[in-house]
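> what shape does this take:
(one chain, ligands or ions: 1)
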Amino acid sequence: MVNIFKKVDNSSQLETDPLLGSKAEIQPFWKKSWFIICMVILIVVVFSTIILYVFYHKNGSLNDIHHVESKENAFTFNATTSSDNPVNVESNENVVTYNGATSSNNSVNVEYKSYPTSRVSSIATTNGDYFKQCAPAVTCNPDDIYRTYNGSCNNLQNPNWGAALTPFYRLMNAEFDDGNNTFRVQLDGKPLPSARQVGVTLFYMRDIRNYDHANNELLVPWGQFLTHDISYYPDDIRNDSTPAHLDHCFEKDKTKIPIECETAILIAADDPVYSQYNVSLFKFVRSTTSVNFSCPLTPRTILNRNTQYIDASHVYGSNKKTADGLRTFANGKLRSRILEDEEYCPQNADSEFKDGPLGKSDVQFAAGDVNVNQNLAIALFQNLFLRYHNHLADEIQTLNPSWSDERVYQETRRIVGAIIQVITYEHFLPILLGDEYMKEYGLTGQTTYDPSINSALAQEMTSGAFRAVHNIIPAKFNLISANYSIIDEVEPSRVLLQPDLLIGNFDNMLRGFLDTPGRAVQPSYNNLITNVVFKIPNLDGYSGFDLMSYDIQRGRDNGLPPYNKMRQLCGLKKANTFKDLSDLISSEDIETLKSLYSTVHDIDYIVGALLEKPRNGSMVGPSTACVIGDSFYRFKVGDRFFYDILGQPGSFTPEQIKSLKKITLSHIMCASSNLGHMQKETFRYVDPKIMSSIMYSCESYKLDLSPWKEVQ
Ligand code: HEM
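Residues are numbered from 1 along each chain as shown. Just a heads-up that it's a prediction; the model follows:
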């Protein structure tokens with residue numbers, strides 16, 4: 001300002017100008033200092049407004065410090081497609097005109113492009129390490145129209161991105177005390193409070209028997225089914241020594257304490273459940289790291305064994321060997337078996353779970369994901385999709401009798417993957433996140449492929465945010481008969497790894513999930529799942545565990561950043577004191593947190609996530625919504641085979657997309673069970689006795705497959 005002033009007040013020049021008689025007389029108004037000051041102010045105001053406008057629209061919110069893209073990771077979202085992408089998209093105020101490589105009769109009624117107004121961006125510096133040091137060399141055929149089994153070659157510039165057996169993506173660098181391996185400690189150097197202690201103090205007996213008045217229980221099996229499509233990271237069997245080792249955890253001579261004790265979960269002497277059984281520890285085995293795959297990365301890095309795309313890999317397998325083992329190699333169908341006149345997944349002769357925790361289960365299903373038998377709900381859904389694949393394969397083969405087994409299988413696999421995406425983005429996520437977050441995180445509308453986006457599952461999502469949805473697992477699964485009476489109740493906590501109960505109960509279980517209102521969202525898990533997941537403690541000392549303790553401990557095992565850092569990453573205000581949490585957490589909970597953690601910076605991510613009040617019609621709090629939103633945004637725009645992406649060799653035709661968009665979970669259930677009537681919004685709770693008029697005959701739920709008929 002001062003400099004500008006000096007320049008303007010140039011009186012000596014005026015005086016020496018021979019053309020000027022008197023300075024006062026002839027000086028024009030635009031040279032007057034008052035005018036110049038006004039102009040300067042005007043220019044400053046206009047420029048600042050432009051800068052603020054541009055900044056706001058680029059980053060969503062002025063407060064969202066981390067919404068600025070990290071150059072280091074180079075995963076900046078691009079509004080337009082790159083030159084490698086043959087799709088030409090013109091965006092005009094959210095209207096997209098498609099001028100892609102498809103022919104003119106391919107015009108689609110494209111509404112608007114998915115574009116996040118707010119996005120979390122990775123600030124981790126380690127995401128590239130595996131790809132630089134250990135990734136296998138891969139050769140891709142860019143013209144392939146089907147996905148590979150392991151997810152490689154989806155991204156042609158980075159063919160290993162999102163493939164099975166590559167690391168989870170990090171939004172923030174891993175946090176370990178020694179920078180590499182040992183659990184995070186509190187700011188004052190003390191160990192974190194016992195995960196069980198945290199669970200009991202904050203959440204024990206907080207189970208409110210309230211129902212979700214809008215939704216049924218189907219959100220649970222769908223949420224878990226979806227999880228198993230994108231994630232699998234087992235415990236490290238090398239450290240899975242017998243619980244007897246834990247007998248030595250309290251040895252006075254510290255050198256005699258086995259390594260297993262370092263991560264075991266301490267149970268207090270006054271624990272409301274386990275004290276009666278004299279149990280003082282939960283065994284906890286750490287996740288397998290890249291070291292097990294000859295890739296010794298630092299800090300410890302977890303590899304995802306399933307493909308990191310929504311591609312039905314849990315139905316088909318994440319490698320060719322598994323996929324081939326599940327095929328009949330005739331008419332495109334999957335292997336199955338008939339039990340009590342119904343179709344089920346084939347038997348897994350090698351199952352490690354033949355002896356269930358409470359008894360023997362002769363039935364052990366085989367599927368694309370090894371967790372198929374974990375509980376009845378997931379077993380039900382894996383069988384549902386096996387049946388649907390075989391139903392669809394029959395239809396495709398009938399439509400195109402000349403097609404080979406391979407063609408029918410691959411086309412059916414492609415459609416099933418697309419269907420899982422449609423149900424997830426059109427029906428499941430809008431309920432979980434609410435419409436506002438759906439728009440905010442760019443989860444609606446036409447997808448434009450962006451090869452700069454790595455769609456791999458975030459560690460913060462799989463070990464934190466998505467697990468918060470464990471809070472809607474019901475205490476009991478109802479089995480409901482055809483005349484809508486409850487014929488049995490099953491506690492999921494007592495029938496883990498016992499899928500034999502599904503045989504003969506397939507329709508009853510489906511009706512149970514459909515016709516029972518869901519568990520209301522609340523900051524706790526049901527009391528059974530938090531206390532006796534795998535075994536009743538008095539049956540075998542150290543083998544019981546509670547899911548909440550495990551979720552908290554898993555976050556530490558996987559080096560998740562604490563809640564306060566995740567808040568910041570999500571554009572929320574950093575809390576400097578416990579009191580600053582009051583924007584999202586109740587004052588009672590803040591008091592309890594104070595009693596557990598040394599500082600506000602020590603709170604575990606999942607603990608804060610569970611305590612946050614949901615916002616914007618969502619079922620989760622903002623620091624959970626942002627991580628879930630980011631993940632599903634990347635699963636969408638970073639997947640070259642995403643079902644509504646146009647112009648790629650593997651793209652569906654616009655007519656096929658139109659047909660796919662109409663599909664609901666009701667279509668799948670109708671085609672794969674004996675249920676006769678279904679509501680259109682499958683996840684909505686509809687009392688079949690008083691609202692039967694909005695349940696339509698299964699005849700009306702048929703996928704229009706005519707766009708798949710090959711014109712000779
Ligand atoms: C009956 C229902 C369910 C049961 C019994 C169940 C149980 C479990 C168990 C035992 C684990 C492993 C814990 C560990 O060792 O770290 C786990 C992991 C996980 N669960 Fe669930 N869960 C259920 C439903 C859900 C739902 C509805 C969601 C989300 C919508 C979900 C998301 C996850 C995620 C993201 C993981 C980590 C992923 C992985 O293990 O690969 N689960 N669950």
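> and for Ser287, the neighbour number?
Residues lying near Ser287 (other Cβ atoms under 10 Å) number 17. C-beta: built from backbone N, CA, C; applies to glycine.
> do Leu399 as well
15.
> over to Leu334?
24.
> so it sits against Ala323, correct?
No - using Cβ atoms under 8 Å, Leu334 makes no contact with Ala323, being 9.6 Å away.
> now do the contacts for Arg556.
Counting by Cβ atoms under 8 Å, 6 or more residues apart in numbering, Arg556 touches Phe183, Arg184, Leu192, Ala195, Asp604.
> please redo it, this time with the cut-off set to 6 Å
Phe183 (Cβ atoms under 6 Å, 6 or more residues apart in numbering).
> next: Ala456.
Ala456 touches Gly162, Tyr169, Gln308, counting by Cβ under 6 Å, 6+ apart.
> now with 7 Å?
Listed by Cβ atoms under 7 Å, 6 or more residues apart in numbering, the contact partners of Ala456 are Trp161, Gly162, Thr166, Phe168, Tyr169, Gln308.
> pull the most distant pair out of the residues you listed.
Farthest-apart pair in the contacts of Ala456 is Trp161 and Phe168; separation 12.1 Å (Cβ to Cβ).
> which of the contacts of Ala456 sits closest to the ligand?
Relative to the ligand, the closest of the contacts of Ala456 is Phe168; by Cβ to the nearest ligand atom it sits at 9.6 Å.
> gap between that closest one and Cys698?
40 Å (Cβ to Cβ, to the nearest Å).
> which one of these two is surrounded by more residues?
Between Phe168 and Cys698, counting by other Cβ under 10 Å, Phe168 is the more crowded of the two (23 against 18).
> pretty sure that one sits against Gln459.
Yes - between Phe168 and Gln459 there is a contact at 4.0 Å, judged by Cβ atoms under 7 Å.
> okay, and the common contacts of the two?
Ile302.
> picking that back up, now, the contacts of Ala456 that are in strands?
Judged by DSSP state E, the contacts of Ala456 include Thr166 as members of strands.
> make JSON lines out of the contacts of Ala456 and add pLDDT.
Below are these laid out as JSON lines (pLDDT from 0 to 100):
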{"residue": "Trp161", "pLDDT": "98"}
{"residue": "Gly162", "pLDDT": "98"}
{"residue": "Thr166", "pLDDT": "98"}
{"residue": "Phe168", "pLDDT": "98"}
{"residue": "Tyr169", "pLDDT": "98"}
{"residue": "Gln308", "pLDDT": "97"}
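> can I get the contacts of Ala456 in TSV including distance to the ligand?
TSV is the format used below for those (distance: Cβ to the nearest ligand atom, whole Å):
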residue	distance to the ligand
Trp161	19
Gly162	15
Thr166	14
Phe168	10
Tyr169	14
Gln308	11
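> most neighbours among the contacts of Ala456, which one?
Comparing the contacts of Ala456 on neighbour count, Gln308 comes out first with 32 neighbours (neighbours: other Cβ under 10 Å).
> isn't it up against Gly162?
Yes - using Cβ under 7 Å, Gln308 is in contact with Gly162, at 4.2 Å.
> please identify every residue contacting each of the two.
Gly151, Ser455, Ala456.
> which bits of the protein sit near the ligand?
220, 223-224, 227, 231-233, 375, 377, 462, 466-467, 469-470, 473, 492, 547, 550, 554 (Cβ under 6 Å from any ligand atom).
> do that again at 5 Å, thanks
220, 223-224, 227, 231-232, 375, 377, 462, 466-467, 469, 473, 492, 550, 554 (Cβ under 5 Å from any ligand atom).
> looking at those residues, spot the one nearest the ligand.
Looking across the residues of the chain next to the ligand and measuring by Cβ to the nearest ligand atom, the closest to the ligand is Gly223, at 2.5 Å.
> which residues touch that closest one?
Val469 are the contacts of Gly223 under Cβ under 7 Å, 6+ apart.
> and the gap between it and Ser152?
For Gly223, the distance to Ser152 - Cβ to Cβ - is 27 Å.
> do the same with Gln522
Taken as Cβ to Cβ, the span from Gln522 to Ser152 is 41 Å.
> give me the more crowded residue out of the two.
Ser152 (23 against 16).
> phi first, then psi, for the more buried one.
phi -70, psi 160 (degrees, to the nearest 10).
> was I right to think it contacts Trp161?
No - in this structure, Ser152 is not within contact of Trp161 by Cβ under 7 Å, at 8.4 Å.
> pLDDT below threshold where in the chain?
1-38, 40-41, 44-114, 238-244, 352-359, 532-545 (pLDDT under 70).
> can you rerun that using 80?
By pLDDT under 80, the weakly predicted segments of the chain are 1-115, 207-209, 237-247, 276-278, 351-360, 493-497, 529-545, 712.
> which residues in it form strands?
So, for the chain - with DSSP E - the strands run 89-92, 95-98, 166-167, 211-216, 265-266, 281-282, 303-304, 337-339, 342-344, 477-480, 486-490, 517-519, 677-679, 695-697.
> most tightly packed of the ones you listed?
strand 166-167 (a mean of 26; mean count of other Cβ atoms under 10 Å).
> which other residues reach that one?
Tyr130, Ala135, Asn160, Ser290, Thr301, Ile302, Leu303, Asn304, Ala456.
> what's the answer for stretch 695-702, then?
Ser666, His667, Cys670, Leu675, Gly676, His677, Met678, Gln679, Lys680, Val686, Pro688.
> of these, select the buried ones using a ChimeraX command.
Of those, the buried ones go into a single ChimeraX selection, burial set by 16 or more other Cβ atoms under 10 Å:
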select :666,667,670,675,677,678,679,686,688
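> format the contacts of stretch 695-702 as CSV; extra columns: distance to Gly445.
Shown next, in CSV, are those (distance: Cβ to Cβ, whole Å):
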residue, distance to Gly445
Ser666, 24
His667, 22
Cys670, 28
Leu675, 32
Gly676, 35
His677, 32
Met678, 27
Gln679, 25
Lys680, 21
Val686, 28
Pro688, 34
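> farthest pair within the contacts of stretch 695-702?
His667 and Pro688 (18.4 Å).
> in helices only, show me the contacts of strand 166-167.
Counting by DSSP state H, the part of the contacts of strand 166-167 found in helices is Tyr130.
> quick one: which of the contacts of strand 166-167 is nearest Glu655?
The nearest one, if we look at the contacts of strand 166-167 relative to Glu655 and count by Cβ to Cβ, is Ala456, at 31.9 Å.
> now do the closest one against Asn141, distance only.
22 Å.
> equivalent analysis for Ser673, please.
39 Å.
> more neighbours, the two?
Ser673 (21 against 10).
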